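Novice: Here you go, sequence then predicted model.
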Amino acid sequence: MNQITAPRLRIGFLLAPRFTLSAFSTFVDVLRLSADDGDGSRPIRCQWTVLSNDLSPIQSSSGTKIQAEERFGDPSRFDYIVVVGGLIDPGTTLGPEAAAFLKQAAAAKVALAGLCTGVFALARCGLMDGYRCCVSWFHHQDFLAEFEKMRPVSDQIFVVDRDRLSCSGGVSAAHLAAFLVDRHLGRAAARKALSILMIDEALTGDRPQPGLPLELTARDPLVRRALLAMQQNLNAPLSIARIARDLGVGRRKLERHFSADLGIPPADASIRIRLSQTRMLLRQTNHTITRIAEETGFCDASHLIRVFREAEGLTPDQWRQMDIARREEA
């Protein structure tokens with residue numbers, strides 16, 4: 001190759017059926033641009049290999065296929081095995097050979113990573129038990145429905161918990177790859193790769209996930225993460241003390257950040273988010289007020305009616321009828 005006798009970062013990729021091409025390609029490009037001087041793309045400092053049981057091409061969710069390069073073999077030849085997920089319908093589960101390979105890798109103390117919904121595949125193999133994992137806000141409820149005893153992190157772009165790594169997908173794959181490059185090759189190599197990809201800076205894992213629509217727009221990362229926690233637990237609202245504890249801060253500190261950024265306390269923000277969801281359900285569904293109260297974390301229909309009237313000057317039923325009339329006139 002050149003004078004470097006062995007790569008300092010060796011990654012094996014396991015692509016799930018109908019995997020997300022962008023997560024895979026973004027991750028690989030960070031490795032590629034870090035592995036060589038300039039834009040040579042030679043796998044000198046980093047080495048990456050697509051693995052499969054039978055060397056068959058793997059089809060992505062976009063239809064594009066990637067050719068596997070090596071059979072599974074001995075996982076200890078890699079520093080990390082990265083599972084790239086995608087669609088989560090029943091036809092996208094890993095086969096028994098892939099599951100056995102991942103379990104063999106875990107037994108050999110090879111670190112495992114899940115990109116996008118790759119963490120679903122790891123969890124299905126029982127390889128995320130006792131670990132924190134990152135799941136996109138878009139798939140948060142899907143994950144809870146399948147793994148009800150686990151509590152995924154959906155307010156960060158990636159999570160590193162000992163020898164398990166996971167990211168929410170999309171551009172966060174680049175930041176997780178940059179984290180590994182920084183760890184094994186140094187910060188300069190990571191910055192170089194991201195700069196060539198037109199990414200301004202390497203983001204830490206605790207950066208809030210973008211994209212989740214919120215009733216309130218916050219600039220403060222701590223406030224944004226708290227708002228995300230509120231929105232992800234609408235039907236069973238967390239106490240403000242619990243949210244603060246989960247975020248690793250005291251309640252008073254969280255309240256100060258809310259006051260400085262939004263001008264309201266966290267409890268008021270929680271009510272506003274739940275009322276926003278209430279209005280959406282009133283507009284888009286035929287659910288009863290009792291059911292909507294259950295889905296938005298109010299004690300009962302009476303509680304929802306009282307809070308809604310204080311905010312809107314109307315009962316939920318009156319608001320729904322006025323909304324229907326406005327849309328019919330439009």
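Specialist: Yep, it's here. Residues are numbered from 1 along each chain as shown.
Novice: now the strands for this structure?
Specialist: Using DSSP state E, the strands assigned to the chain run over residues 9-15, 46-52, 58-59, 65-66, 70-71, 80-84, 111-115, 158-161, 164-167.
Novice: in its sheet, what does the third one sit against?
Specialist: Spelled out, it's strand 58-59. Using DSSP bridges, strand 58-59 pairs in its sheet with strand 65-66 (antiparallel).
Novice: cool, the second one as well?
Specialist: Each strand pairing with strand 46-52, determined using DSSP bridges, is listed with its direction: strand 9-15 (parallel), strand 70-71 (parallel).
Novice: most neighbours per residue, which of the ones you listed?
Specialist: Each of these was scored by mean neighbour count; the highest is strand 9-15, a mean of 24, by mean count of other C-beta atoms under 10 Å. In this view, the C-beta of every residue, glycine as well, is placed from N, C-alpha and C.
Novice: quick one: average pLDDT of that strand?
Specialist: For strand 9-15, mean pLDDT rounds to 97.
Novice: Tell me what angle that strand forms with strand 111-115.
Specialist: Orientation note: strand 9-15 sits at an angle of 50 degrees relative to strand 111-115 (axes from the mean of the first three to the mean of the last three C-alpha atoms, to 10 degrees).
Novice: which residues are contacting strand 9-15?
Specialist: With C-beta atoms under 8 Å, 6 or more residues apart in numbering as the test, strand 9-15 has contacts from 24, 28, 31, 34, 45-52, 58, 60, 66, 68, 70, 75, 77-84, 94, 98, 101-102, 180-181, 184-185.
Novice: Quickly list the domain ranges of this structure.
Specialist: Using automatic domain parsing, the domain parsing of the chain gives 9-196, 213-330.
Novice: Can you say which of those domains is nearest to residue 205?
Specialist: Of all those, it is domain 9-196 that lies closest to residue 205, at 4.3 Å by C-beta to C-beta.
Novice: So residue 110 is in contact with residue 72, correct?
Specialist: No - shown here, residue 110 and residue 72 do not form a contact pair, counting by C-beta atoms under 8 Å, at 11.9 Å.
Novice: Could you dump the strands paired with strand 46-52 into a markdown table and include distance to residue 247?
Specialist: Output for these, formatted as a markdown table (distance: least, C-beta to C-beta, whole Å):
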| stretch | distance to residue 247 |
| --- | --- |
| strand 9-15 | 31 |
| strand 70-71 | 42 |
